[in-house]
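K.L.:
Need coordinates for the following:
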Amino acid sequence: MITLSNNKWSKLLGATCFIIFVSNASAQVTSPNGRISAQAEGSTLVISYEGKKALQMEDLSLDSKGLTFIRSIKDDYRMLTGKRLVCSNEGNEYVASLGEGVKMVLRLYNDGIAFRYDYPETWTGNDPTVFLIPEGTRRWMEQWTDSYEGYFPLSTTYKVQPIPSFSGISKSEEGYNNRWGFPALLEPEDGLFVLLSEANIERGQSAACLYNGRSSESHPSSLEDGRVVTDEGKANDKERYKVVPAEFSTPPTPHSSKHTPWRVAIIGSLGDVVESTLVTDVSNPSQIADTNWIQPGVVSWIYWAYNHGSNDYSIIKKYVDMAATLHLPYVLIDAEWDQMNQLASNEGKTIEDAIAYAREKGVKPLIWYNSSIGWVDGAPTPKYRLNKPEDREKEFAWCEKLGVAGVKIDFFSGDNQKNMDFCLDLLESAARHHLLVNFHGATIPRGWQRTWPNLMSTEGVYGAEWYNNVPTFTAKAAAHNATLPFTRNVIGPMDYTPCAFSDSQHPHITTHAHELALTVLFESGLQHLADKPESYLTQPQEVQDFLSHLPAVWDETRFVSGYPGESAILARRSGDTWYIAGINGTDEQKELTLPTGILSPLTSHLSPLNITAFLDAGEREWQILPSVTQLPATVSCRPRGGFVYVIKYKE
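P.N.:
Next up, the predicted model:
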């Protein structure tokens, strides 16, 4: 049994010295390093980076006192998953009155800003946040869907079509999409980037999205207060993006906070964006006292090759055997495992037998559940086992007793309070029974991976599963893959299910080296390998060894080079080994640059023990160099190609 900690902000507040003074309305306030500043200009708040305008927020109605300094923040904490294990941030906190007892709390960190609104119980207003994103601004924004499974296409306008039929969004009066999901990446000036998202959803709160322009339809039915998103009379309404919660408790429910979630803007170079931990920086500390049982790892996954394979005992055995051969710690038994005994060829075998077989082989099993609040009718089973607290406790206790290591829970229904509270209930209950959690068909992570570190991953991404569903992913995958490190994966773990060397229902045209690179580029506490056993086990021994030693935990992450949709190169360290992975997102041959000294100065006192290179040699061929003496200045990538360098150091 674990002990749940009641510590929220007490340690942080107790270590903080409070210094209060008032700045006038025109005064500029800054981050600790001075690079990011904020200045109130009437009802507009302008955020700048090294003197360049990065972000503009409108209609805030700041009172004449402007922004008042409250305190300096310094917070060091440890993570069990993510970009780095040891995180640190510094910030300056300010507060401003917006009237009606509402206050804006604004933090300027060295890598961005975070703000929220504190409000009284009597307040009946809406979230006042409006971002100005002028037409012509380069942006990578996803059209909102409740599962956050969409592309982030480069655009300079809100006029993005077509609108996905499954999105459930309304159209603007011109027929264009006007509802956008987080995160949203902007490039307001060449080389200056802003990533918008939110963090720290608490009980009684809902998640939010962005709306721009006037809507010709009512607010979606999930917004139960019936508001209509409209900015009548605004000349620039298409450029005004409102933060709109799926629901807003007015008055707050008894268990809800009297503040909004944090709205987050990561600001700086692409490297600043990619390496930022701002989403977890502003999220509540871990609520799990003993985390020794939480072990991230690589997973063999049935669904990509066998959509209904998890009801077949013989197929499950194949994936368990593959995990054992490659020394992968986990196997995921996906949907319909509860129907195993209905398949005659199983000869009466059940999920208990499959779990026992995995454990005998030294592989820890994970199993799938339907959340039963989203897609229910016609959806896979098992259903309705987690909805009631007593049923959930019984089911998770059963999992713990059998030796199940974690659960994948699927098919939620959007961003409303019901979904947010249910997710928190699931995380808390799973922690009591020492179960890892992977949310699928769910909203994006918003910092829960810090508060509930048993949350290993979240889907919320248009991933390799879509090779099963539509033919259009084949041509778009490479550019999409080269966009995700700058957008979706910045904010938290991403269960893309990478690395397929064979084909599913629809083929892939990325190279083998591109596919292998995704296992390093894409961060996830549970990294599910998509391909079938016979595909992995017929690869060269060097590739099999790579997968056997692939980390799912990174000590640190560094951005090397790239640009959204074109290319991405990241370096990640696990212990004394660095992995440098890059992909070409274009349909042309491309030379990718590795800047000199990219791993210095931290490795300056070390000597390379061994460098292994996995390079393009064809779409379905390898060039493997087991004893490279030094990193090259450039790497030649085929169209939709990639590479990985594995560098082992010694003291």
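
K.L.:
Which strand or helix spans the spatially most central residue of the chain?
P.N.:
For the chain, the residue sitting closest to the mean C-alpha position, by C-alpha atoms, centre = their mean, is Gly492 at 3.2 Å. Here Gly492, judged by DSSP states H and E, is contained in no helix and no strand.

K.L.:
Same check on the one 10 residues further on?
P.N.:
Taking DSSP H and E as the criterion, Ser502 maps to no regular element, lying outside all helices and strands.

K.L.:
who's in contact with it?
P.N.:
305, 531-532, 535 (C-beta atoms under 8 Å, 6 or more residues apart in numbering). Where you see a C-beta, it was placed from the backbone N, CA and C, and this is true even at glycine.

K.L.:
Would you convert those into JSON lines that also reports distance to Tyr109, secondary structure and neighbour count?
P.N.:
What follows is these, written out as JSON lines (distance: C-beta to C-beta, whole Å; DSSP: H, G, I helix; E, B strand; the rest coil; neighbours: other C-beta atoms under 10 Å):
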{"residue": "Ala305", "distance to Tyr109": "43", "secondary structure": "coil", "neighbour count": "22"}
{"residue": "Asp531", "distance to Tyr109": "40", "secondary structure": "coil", "neighbour count": "23"}
{"residue": "Lys532", "distance to Tyr109": "44", "secondary structure": "coil", "neighbour count": "23"}
{"residue": "Ser535", "distance to Tyr109": "44", "secondary structure": "helix", "neighbour count": "17"}
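
K.L.:
how close does the residue nearest to the centre of the chain sit to Val331?
P.N.:
From Gly492 across to Val331, the span is 24 Å (C-beta to C-beta, to the nearest Å).

K.L.:
From the chain's centroid, how far away is the longest helix anywhere in the chain?
P.N.:
The residue-count maximum for a helix in the chain (DSSP state H) belongs to helix 417-432. Chain-centre distance of helix 417-432: 18 Å, with C-alpha atoms, centre = their mean, to the nearest Å.

K.L.:
returning to that earlier point: apart from its chain neighbours, what residue comes closest to the residue nearest to the centre of the chain?
P.N.:
Pro445 (3.0 Å; C-beta to C-beta, 6 or more residues apart in numbering).

K.L.:
which regions of the stretch 451-600 of the chain lie under the pLDDT threshold?
P.N.:
600 (pLDDT under 70).

K.L.:
those strands in it, which residues are they?
P.N.:
Assigned by DSSP state E, counting those that start in this stretch, the stretch 451-600 of the chain shows strands spanning 455-458, 526-529, 556-563, 567-574, 577-584, 590-593.

K.L.:
So which elements touch the fourth one?
P.N.:
Contact here means 3 or more C-beta pairs under 8 Å, 6 or more residues apart in numbering; DSSP states H and E; on that basis strand 567-574 packs against helix 512-521, strand 556-563, strand 577-584, strand 590-593.

K.L.:
buried sites along stretch 343-362?
P.N.:
343, 346, 349, 351, 353-355, 357-359 (16 or more other C-beta atoms under 10 Å).

K.L.:
Could you point out which of these is nearest to Arg488?
P.N.:
Ala358 (30.6 Å; C-beta to C-beta).

K.L.:
hang on, the closest one packs against Ile367?
P.N.:
No: using C-beta atoms under 8 Å as the test, Ala358 is too far from Ile367 to be in contact (10.2 Å).

K.L.:
mind listing what the closest residue in space to Leu529 that isn't next to it in sequence touches?
P.N.:
Nearest residue to Leu529 in three dimensions, chain neighbours excluded: Cys499, at 5.3 Å (C-beta to C-beta, 6+ apart). Cys499 makes contact with 515-516, 518-519, 529-531, 547, according to C-beta under 8 Å, 6+ apart.

K.L.:
separation between Cys499 and Thr510?
P.N.:
10 Å.

K.L.:
Can you pull out the low-pLDDT segments for this protein?
P.N.:
Those would be 1-26, 64, 161-175, 214-236, 248-257, 600-608, 650-651, if you go by pLDDT under 70 across the chain.

K.L.:
Longest strand in it, please.
P.N.:
If you go by DSSP state E, the chain has its longest strand at strand 86-99.

K.L.:
by contact count, what packs against that one?
P.N.:
strand 28-30, strand 68-78, strand 102-109, helix 278-281.

K.L.:
To Gly309, which of the strands of the stretch 451-600 of the chain lies closest?
P.N.:
Across the strands of the stretch 451-600 of the chain, closest to Gly309 is strand 526-529 (C-beta to C-beta), at 14.0 Å.

K.L.:
Please compute how far the closest one lies from its chain's middle.
P.N.:
For strand 526-529 - counting by C-alpha atoms, centre = their mean - the centre lies 14 Å from the chain centre.

K.L.:
Can you show me the strands along the stretch 101-250 of the chain?
P.N.:
Going by DSSP E, counting those that start in this stretch, the stretch 101-250 of the chain shows strands at 102-109, 112-118, 130-132, 138-143, 154-155, 179-189, 192-199, 208-212, 240-245.

K.L.:
ok, back up a step: buried residues in the longest strand of the chain?
P.N.:
87, 89-98.

K.L.:
Let's have those in CSV, adding distance to Val279.
P.N.:
What follows is the buried residues of strand 86-99, written out as CSV (distance: C-beta to C-beta, whole Å):
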residue, distance to Val279
Cys87, 11
Asn89, 11
Glu90, 16
Gly91, 14
Asn92, 19
Glu93, 17
Tyr94, 20
Val95, 22
Ala96, 23
Ser97, 27
Leu98, 24
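
K.L.:
which non-adjacent residue is nearest Leu594?
P.N.:
That would be Leu631: by C-beta to C-beta, 6+ apart, it lies 5.5 Å from Leu594.

K.L.:
Distance check, the one you found against Thr596.
P.N.:
9 Å.

K.L.:
Of the two, which one has the most company?
P.N.:
Leu631 (19 against 8; other C-beta atoms under 10 Å).

K.L.:
For the more buried one, which three-state class applies?
P.N.:
Three-state assignment for Leu631 (DSSP: H, G, I helix; E, B strand; the rest coil): coil.

K.L.:
I'd guessed it sits against Ile611; true?
P.N.:
Yes: judged on C-beta under 8 Å, Leu631 makes contact with Ile611 at a distance of 7.2 Å.

K.L.:
that's a strand at Ser314, yeah?
P.N.:
No: checked against three-state DSSP, Ser314 lies outside a strand; its state is helix.

K.L.:
contacting residues for Tyr645?
P.N.:
578-581, 611-614, 628, 631.

K.L.:
Check Thr137 too.
P.N.:
156, 186-188.

K.L.:
Would you reformat these as JSON lines and include distance to Ser61 and neighbour count?
P.N.:
Listed next are those as JSON lines, based on distance: C-beta to C-beta, whole Å; neighbours: other C-beta atoms under 10 Å:
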{"residue": "Thr156", "distance to Ser61": "30", "neighbour count": "12"}
{"residue": "Leu186", "distance to Ser61": "24", "neighbour count": "22"}
{"residue": "Glu187", "distance to Ser61": "29", "neighbour count": "18"}
{"residue": "Pro188", "distance to Ser61": "24", "neighbour count": "21"}
